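Visitor: sequence below, structure please.
(2 chains)
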Amino acid sequence: MTDATRNLLLYALIGLIGLLAPYLAPAFRVQMALLWMMILFALTWDLGGGQMGYNSFGNIVFFGIGCYVAAVVQRDLFFAVGGQPQATGDLATVSPLFNYFNGFAVGLALAVIIALAVAAALGSGILGLRGHYFAICTLGVGVAAGEIASGWDYIGAGSGMVAPIFPGGPGQNAIFFYYFFFALAAICFFTLKWLYGTRFGLAINAIRDDEDKAEAMGIHTTRYKTVAWCVAAFFLALAGGAFGHLNNFIDREVAFPGITFGVWMVLMAILGGQGTLWGPVIGATIFHATQELFWTYFIGWQRVALGLLIVVIVVFFPLGIMGWLRSRWPERFGETVDLEARTAPISLRETR
Amino acid sequence: MDNLQLLFNAPILSVQLLIDGLFIGAIFALAAYGMALVWGVMDIINIAQGEFVMLGGYVTFFLAAAGVHPLYTVPVAAAALYILGWALYRTVVFRVVDKDMFISILATFGISILLQQLANELFEADIRTAESGLGTLLFADGLIVVSQIKLVAFVCALVLGAALFLFLKRSRLGQAIRATAQNARAARIMGVNTDRVFATTFALNAAICGAAGSLVVMTWLVHPYLGLAYTLRSFMIVTVAGLGNIGAVVFASLGLGAAENFAGFVLGTEYQAAFVFSLLVVILVWRNALLSRQRKYLK
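Guide: Residues are numbered from 1 along each chain as shown, chains lettered A, B, ... in the order given. Below you'll find the model as predicted:
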């Protein structure tokens, strides 16, 4: 069996499982929808963190923008300003042309436009920073966005806002959003797979390895960095818009969850293996499953356990699963090694 | 913007805001000095800085609730946090000292979340404060109100900072710490036990933050989610002031305290935190933009 057919079989298998999963385990639809969202988080984080060497703690901003913009559009399309959302399926719209779904689509489109504008505007300044300055600056951006959202009356300030109710009975939304997130994660995966194979992928890898040299070689680094950030922002805004609708309620904690989603996306990518295509997917899957166990067995203490988990993974397992596999079976990754190199311990420094 | 108008009409309000700002700024200076110390000596940016402040505050809060006067608990908070800092170094931090800086940022971020959530579980999310029982001083016909405890805390912070400065300058261990900061390898060759120096530095930093937290709970308040704001403020101060320049750290801290207080008054308190974090972003981007003219960047 050639590599190409094996890959095709793998994709077909994952696709089939993904398509059938909501009917095989109907009770876990929302959880599985969130699994695809986590995979998307890890993939988009790794685009900056793993492939480009720009470790961001602030990608959650685009998710939050998506959440809020999509929900505000729905609110202002459906409800007279200041009106209360209706609990029934038939909604009072400003125009009969709009229903839940095309309102959602308009919201997502606007969310993407705003997120891209913010990414481009912020990126031109922030992406000039390097290393830990970039990391901490983006951390500041993430927290500042949350603080602004919790003070701004138009979007509900501290008390939050309610997204419209999905038409149909309770639980109907899970299946719609499951397939939405499944499709989004798949599109994201293949987009990144394609991007990493192009000149763009080589350019951002060059930026990671040595930005000054990359620039000296004539790569317009700022442009590449901004585009990479915008790609991440694009997918995160779509995910955010859908997550806000799935959750029905949006406030600062839901839209800008810096210490949960914001850190998890970093952790999932590192757990799976930074700078690889499959690493974030594997990391996110394992992390999401473990996290469910935490919720079951450490109820009340799950966040403490997650803090501990971050420390353990980062300190003892910084190369991630793909990194470990690579050091274990280098030949499978197309590397030739002599015996001496194989037995030598590898550290993160050496692989960078 | 009404409040801005108010400031112009009643300039005396500015004096009040300035004084309060300077008082809190002195406490920022303690946390920032600790961060600069760890950053300079160990090349680690400690994201758990604010959590040390928060825990120091809780030590004082619980002791005060047990009947001890809060001012006497400052050394206790410092000692408790010294032990915690030492323990954290011996379990986690020593493993990331010589690693990539992002690894240490993420590891201390993990510690920060761990401590924050532990505090949330053990101490509950309520906002706490420790009552010192000291009165207030009135100036300018009662237009300026200065609570005595803030004054005492201000003096305490300055004394602590000065003591630390003298310790680093004069004592044998302080010299070893400074030698390690200059060149860890050379210090090791000269017989300095750098591992012990790192442990002491990290523990000392935790102790300073603990004392700062103790002052915070007496003058303002403490809650489990307080930490990140102090970490980012410290980072901002250190980036502006540079490593190893204590005068600049104090100056930047007092300036930040005052600026933050004015912003809170003018924009409304709900935007005060947003102002601080936006200021961090603006300062970093601005400084980097200045450097980029010479094709350099913040290092």
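Visitor: hey, let's count contacts and neighbours off CA atoms from now on
Guide: OK.
Visitor: for chain A, what's the nearest residue on chain B?
Guide: Proximity of chain B to chain A (Cα to the nearest Cα) peaks at residue B:114, 4.3 Å away.
Visitor: can I assume that residue is in contact with residue A:302?
Guide: No. Assessed by Cα atoms under 8 Å, residue B:114 is found out of contact with residue A:302, at 10.2 Å.
Visitor: more neighbours, the two?
Guide: Taking neighbours as other Cα atoms under 10 Å in any protein chain shown, residue B:114 and residue A:302 compare with residue B:114 leading, 23 against 18.
Visitor: got the contact list for the more buried one?
Guide: With contact taken as Cα atoms under 8 Å, 6 or more residues apart in numbering or on different chains, residue B:114 is in contact with A:303, A:304, A:305, A:306, A:307, A:308.
Visitor: can you give me the neighbour number for the second one?
Guide: Residue A:304: 22 surrounding residues under other Cα under 10 Å.
Visitor: for residue B:146, grab phi and psi.
Guide: phi -120, psi 110 (degrees, to the nearest 10).
Visitor: tally of neighbours for it?
Guide: Neighbour count of residue B:146, defined by other Cα under 10 Å: 18.
Visitor: try residue A:312
Guide: Applying other Cα under 10 Å, we find 15 residues neighbouring residue A:312.
Visitor: hmm, back to that, so the residue of chain B closest to chain A sits in a helix?
Guide: Yes. Assessed with DSSP: H, G, I helix; E, B strand; the rest coil, residue B:114 lies in a helix.
Visitor: tell me which residues touch whichever residue of chain A sits closest to chain B, please.
Guide: Chain B sits closest to residue A:307 of chain A, with a gap of 4.3 Å, by Cα to the nearest Cα. Neighbour list for residue A:307: B:110, B:111, B:112, B:113, B:114, B:117 [criterion: Cα under 8 Å, 6+ apart].
Visitor: in contact with residue 175, which residues?
Guide: In the absence of a named chain, chain A is used. Residue A:175 sits next to A:22, A:29, A:30 when contact means Cα under 8 Å, 6+ apart.
Visitor: right idea, wrong chain: chain B
Guide: Shown in contact with residue B:175 (Cα under 8 Å, 6+ apart): B:168, B:169.
Visitor: pull the residues that contact stretch A:182-194.
Guide: Under Cα under 8 Å, 6+ apart, the answer for stretch A:182-194 is A:18, A:33, A:36, A:37, A:39, A:40, A:43, A:44, A:47, A:235, A:239, A:277.
Visitor: equivalent analysis for stretch B:67-87, please.
Guide: For stretch B:67-87, the surrounding residues in contact (Cα under 8 Å, 6+ apart) are B:52, B:55-57, B:59-61, B:63-64, B:130-132, B:199-200, B:202-211, B:214-215, B:218.
Visitor: go through those and flag which are in helices.
Guide: Judged by DSSP state H, the subset of the contacts of stretch B:67-87 located in helices is B:52, B:55-57, B:59-61, B:63-64, B:199-200, B:202-211, B:214-215, B:218.
Visitor: element containing the residue nearest the centre of chain B?
Guide: Nearest to the geometric centre of chain B sits residue B:31, at 1.9 Å (Cα atoms, centre = their mean). Using DSSP states H and E, residue B:31 maps to helix B:12-42.
Visitor: could you list every helix and strand in contact with that helix?
Guide: In terms of contacts (3 or more Cα pairs under 8 Å, 6 or more residues apart in numbering or on different chains; DSSP states H and E), helix B:12-42 is packed against helix B:49-65, strand B:144-147, helix B:148-170, helix B:172-182, helix B:194-219, helix B:227-241, helix B:246-267.
Visitor: list the buried ones in that helix?
Guide: Neighbour counts over helix B:12-42 (16 or more other Cα atoms under 10 Å in any protein chain shown) mark B:13-14, B:16-42 as buried.
Visitor: that helix relative to helix B:172-182, how many degrees between them?
Guide: Helix B:12-42 and helix B:172-182 are oriented at 80 degrees to each other (axes from the mean of the first three to the mean of the last three Cα atoms, to 10 degrees).
Visitor: run the chain-centre distance for helix B:12-42.
Guide: Distance of helix B:12-42 from its chain centroid, counting by Cα atoms, centre = their mean, to the nearest Å, is 7 Å.
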